[in-house]
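Asker: Kindly return the folded structure for what I paste below:
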Amino acid sequence: MGYDAIKLSSDLDEDIYFAINDEAKKLNIPVIGHLPVGLQLSDLYLSGQSQLSHIDSIILKLINEFGGLSSKNSEDFLTHVKQHAEQIAVKFKQNNIVLDSTVWLHRTLPSQDFDLTGFLKSIEFEFQNPGWIEGCSIVAGGCLPGGNSYENQNNTKADDLRSWDIYYRAYNEAIEIMTRALVDQGVTLTAGTDALGACGMIAGFSLHNELETLNKIGLTNAQVLHAATLAPSKWMGSNSGKIEPGYRADLVLLKKNPLEDISYTRSINAVIANGKYLNRTQLDHILESVKDANNTSRKVNIDAYLN
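Answerer: Residues are numbered from 1 along each chain as shown. Reported below is the predicted structural model:
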């Protein structure tokens, strides 16, 4: 039917997981997505899965292997990650498994956990789909206070906050350690945000946050741009990702050079989509149209969460 890939969810059992991968090999269609709960990285290496969503998926497996992460064992856990990161990265390279990054999302979790209103004011919240904000079949509780799955409504004492701060710092440092190891071993990283899977990850806008976070972790500007253009195109077998005859004319034209400062990816002067040129005025009109459409279909007023 022309699908590009099969994406796995986290709740598959082992037999189904391997059956899907085995059949996909026969049909020459890549398998992407999650490593189901209960399976280990060793299962991933054997499966033939083409891509793993989210670098933190590795960290979750390491936490499980370590026996859990808490504020009391965070330093020992980070030592454990440092001891195993290179070996894991080598395995990913040997098995040609691509990693979708999703590093900015996990940087936002402390804010979404304990200062959700402040976090929502810091993003382009008016551009997130109203159904996503208010709750739908995919995100049942929505993204607002009281329903956001990332929000912690119980642990508000000072000791609890300190413990969670230590936990999140260790969690995100582990992601940084793993990301650098993957880059050092030449594992293909593709810049992703989980924009259709996580609250606060606004499609388009969140990608710029992702690129800047990858840069802060240690990727060069060129490596970051590669992860957002040619790397995913090559992995998907698409004739895109670079400017060359015969390739798709999907481009952004920037006012400033992102090789000098990665935040310059935000300085969009024009977009060429399917060969059609859209100038800044047209792009601004499109953005306003999105906001108008969202406002028309809202059931819940979000003014309190706009900056």
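
Asker: after the helix ranked longest in the chain comes which helix or strand?
Answerer: With residue count as the measure and DSSP state H as the assignment, the chain has helix 158-184 as its longest helix. As assigned by DSSP states H and E, the chain's next helix or strand after helix 158-184 is strand 189-190.

Asker: From the chain's centroid, how far away is that next one?
Answerer: In terms of Cα atoms, centre = their mean, to the nearest Å, the centre of strand 189-190 is found 10 Å from the chain centre.

Asker: Which neighbours in the sheet does that strand have, and how are they oriented?
Answerer: Looking at strand 189-190 with DSSP bridges, its partner strands are strand 98-100 (parallel).

Asker: hang on, the earlier thing: I'd like the average pLDDT over the longest helix of the chain.
Answerer: Average pLDDT, helix 158-184: 93.

Asker: Next, the buried residues of that helix.
Answerer: For helix 158-184, the neighbour count (16 or more other Cβ atoms under 10 Å) marks 163-164, 166-168, 170-183 as buried. (Glycine included, C-beta is placed from N, CA and C.)

Asker: hey, where'd the helices end up in the stretch 151-300 of the chain?
Answerer: If DSSP state H, counting those that start in this stretch is used as the criterion, the helices of the stretch 151-300 of the chain fall at 158-184, 205-217, 221-228, 230-236, 280-297.

Asker: Okay, now the sheet partners of the lengthiest strand in the chain, with direction.
Answerer: Longest strand in the chain, counting residues (DSSP state E): strand 268-273. Counting by DSSP bridges, the strands paired with strand 268-273 are strand 251-254 (antiparallel), strand 276-279 (antiparallel).

Asker: what's in contact with the last one?
Answerer: What that stands for is strand 276-279. 269-272, 286 (Cβ atoms under 8 Å, 6 or more residues apart in numbering).

Asker: Pull out the buried residues from those.
Answerer: Members of those classed as buried by 16+ other Cβ under 10 Å are 270-271.

Asker: Let me have the contacts of strand 276-279 in CSV, extended by distance to Asp43 and pLDDT.
Answerer: Below are the contacts of strand 276-279 laid out as CSV (distance: Cβ to Cβ, whole Å; pLDDT from 0 to 100):
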residue, distance to Asp43, pLDDT
Asn269, 47, 98
Ala270, 46, 98
Val271, 41, 97
Ile272, 42, 95
Ile286, 44, 97
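
Asker: Now flag whichever of the contacts of strand 276-279 is closest to Ala89.
Answerer: Val271 (34.9 Å; Cβ to Cβ).

Asker: which ones are touching the closest one?
Answerer: 251-253, 277-278, 283.

Asker: now Ser240
Answerer: Ser240 makes contact with 233, 247-248, 250, according to Cβ under 8 Å, 6+ apart.

Asker: Among the residues you listed, which one sits closest to Glu14?
Answerer: Using Cβ to Cβ, the contacts of Ser240 come closest to Glu14 at Ser233, 32.6 Å.

Asker: Quick one: neighbours of the residue lying closest to the closest one once chain neighbours are set aside, just the number.
Answerer: In space, Ser233 comes closest to Gly241 once its chain neighbours are excluded; the distance is 2.9 Å by Cβ to Cβ, 6 or more residues apart in numbering. By the measure other Cβ atoms under 10 Å, the count of residues near Gly241 is 19.
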